[in-house]
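> I would like the atomic coordinates for the input below:
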Amino acid sequence: MEDANICITEEKLVDRYGQGNPHERFMLIYKNYEVFLKLIESYETGLFNRILYEREYNLRAKNGEDIGIRIQTNRFSDPTARKAIENLMIREAIEEANDSGNILKDTDDPEKHKRDILTLRMMRREYEVFNTSLNALTGREYRITYRYMQKEKKLEEIADDENLAYQSIKNLIAATRKTLEQRIIPFFRETL
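Residues are numbered from 1 along each chain as shown. Next up is the predicted model:
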């Protein structure tokens with residue numbers, strides 16, 4: 001597990017999430033809550049571009065364009081429309097975990113891309129469960145836990161703001177995390 005003070009990279013987060021059990025995935029959200037959605041979005045954008053570039057390169061190579069051979073076809077060609085449809089199909093494959101158009105088949109590693117897409121979908125769903133449960137906490141529990149997970153302030157500062165002892169804040173954070181785990185983990189998938 002990453003140290004709470006070290007920002008995890010998008011790729012590590014997606015890999016660990018896809019391989020993790022429900023408790024490990026819960027902890028990944030908990031420890032990276034402040035940037036979790038941003039990391040998902042960043043990885044999705046990178047994955048979209050990777051798939052697009054791999055498809056472009058591999059299709060050009062397959063059609064002989066990289067070696068200077070011109071292929072004559074008799075069918076109508078609208079490269080702008082074809083590109084727009086391809087982009088839409090890639091976005092749909094990522095956002096809806098739906099590769100019904102076989103958009104991944106012309107990439108370098110279709111199985112890894114498919115696994116990443118399924119992981120990203122699971123991450124979004126489980127984050128929604130996590131966030132809903134977090135929002136269901138009572139006023140003080142929510143406020144303190146949220147500020148802690150957002151890394152707005154150190155525990156000492158939160159204790160001062162709340163007019164509570166440092167140990168009381170630590171105990172509340174630990175108890176709230178345990179409560180969240182008990183509420184959330186039963187709604188997480190066992191495996192990808």
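
> spit out the contact partners of the closest residue to residue 42 other than its chain neighbours.
Excluding the flanking residues, the one nearest residue 42 by Cβ to Cβ, 6 or more residues apart in numbering is residue 10, at 5.0 Å. Bear in mind the C-beta positions are built from the backbone N, C-alpha and C, glycine included. For residue 10, the contact set (Cβ atoms under 8 Å, 6 or more residues apart in numbering) comprises 39, 40, 42, 43, 46.

> one more pass at 7 Å, please.
39, 42, 43, 46 (Cβ atoms under 7 Å, 6 or more residues apart in numbering).

> give me the pLDDT for the residue nearest the centre of the chain.
With distances taken as Cα atoms, centre = their mean, the residue of the chain nearest its centroid is residue 40 (3.0 Å). Note for residue 40: predicted pLDDT of 94.

> so it is in which element?
Per DSSP states H and E, residue 40 falls inside helix 36-62.

> tell me which residues of that helix are tucked away?
36, 39, 40, 43, 44, 47, 48, 50, 51, 52, 54, 55 (16 or more other Cβ atoms under 10 Å).

> so the nearest residue to the last one once chain neighbours are set aside is in which element?
Think residue 55. The shortest distance from residue 55 to any non-neighbouring residue, by Cβ to Cβ, 6+ apart, is to residue 106 (4.8 Å). Here residue 106 sits in a region with no helix or strand, counting by DSSP H and E.

> I'd say residue 144 and residue 158 touch.
Yes - counting by Cβ atoms under 7 Å, residue 158 is a contact partner of residue 144 at 6.0 Å.

> kind regards, and thank you for your time.
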